[in-house]
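Engineer: sequence first, then the predicted structure:
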Amino acid sequence: MRISGGEAKGRTIKFPSHSAQRPTTDFLREALFNLLERPVDQSFLDLFAGSGSVGLEALSRKAKSVTFVEKNKSLIDVIRENVSMCGYSEKCLLVHADVQSALRDLYKKKCRYNVVFADPPYNQGLIEETLTVLKKYPVLQDGGALVIQHSIRESLPELKDGWSVEDQRKYGDNYLSFIRMDTA
């Protein structure tokens, strides 16, 4: 796996070969950042971070900071190694917790993000749970972007309470769903 753009373009990042997790491909990360506004000076939250490839991509493209949330301890160690290898340790916060606990704590600390990216394990019903927790602990800044990567076999739940789909793109067996929170 390699970083696809920015100052660290081409740098190889580690992902444990024995992991049951599915990494976001180079192609999908490039597509994501082509669709997002450039992350220059933005804060970025990477939920279900895995190896940290999406957050590292954001840093390579000049994001101000990235918070990585991952509950798997061995993957937190991989993220730490990848962050260090890329020289981004000063711009990162690693949170070893489940998404609900992490969002609750980040919200209490008044952390707010320009971009929230979530790539929950596929076909486990975690999209709705993630949206519910993000609604309960609103860490997305007004006007910010929420992007959920999910399987084409897993539909988004019915959005309510101000959430709406702004855009959705299909890439192979994956969707990138751009969700907006109406503040009015």
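Structural biologist: Received it, and whenever you're ready, just let me know what you need. A quick note: this is a predicted structure, and the numbers were derived from the prediction, not measured. Numbers count the residues shown, from 1 in each chain.
Engineer: the longest strand seen in the chain - what's its average pLDDT?
Structural biologist: Ranked by residue count, the top strand of the chain under DSSP state E comes out as strand 140-151. If you average the pLDDT over strand 140-151, you get 92.
Engineer: ok now it, how far from the chain's centre?
Structural biologist: Remark: strand 140-151 is offset 8 Å from the chain centroid, using CA atoms, centre = their mean, to the nearest Å.
Engineer: contacts for the helix or strand following it, please.
Structural biologist: Using DSSP states H and E, the next helix or strand after strand 140-151 towards the C-terminus is strand 163-171. Around strand 163-171, the neighbours that count as contacts under CB atoms under 8 Å, 6 or more residues apart in numbering are 27-28, 31, 35, 131, 135, 152, 156, 159, 175-182. For the C-beta atoms, the positions are set from N, CA and C on the backbone; glycine is no exception.
Engineer: cool, and stretch 119-128?
Structural biologist: The list of residues contacting stretch 119-128 from outside it, by CB under 8 Å, 6+ apart, reads 21-22, 24, 47-48, 50, 54, 99, 118, 129-130, 148-151, 153-154, 156-157.
Engineer: give the PyMOL command for selecting the buried subset of those residues.
Structural biologist: Buried subset of those, written as a PyMOL selection, criterion 16 or more other CB atoms under 10 Å:
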select buried, resi 21+24+47+48+50+54+99+118+130+148+149+150+151+154+156
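Engineer: what about the strands in this structure?
Structural biologist: 43-47, 65-70, 92-96, 113-118, 140-151, 163-171, 174-181.
Engineer: give me the sheet partners of the fifth one and which way each runs.
Structural biologist: Right, the one you point to is strand 140-151. strand 113-118 (parallel), strand 174-181 (antiparallel) (DSSP bridges).
Engineer: okay, the ones you listed, which one's buried deepest?
Structural biologist: strand 113-118 (a mean of 24; mean count of other CB atoms under 10 Å).
Engineer: what's the spacing between that strand and its chain's center?
Structural biologist: The answer for strand 113-118 is 6 Å, by CA atoms, centre = their mean.
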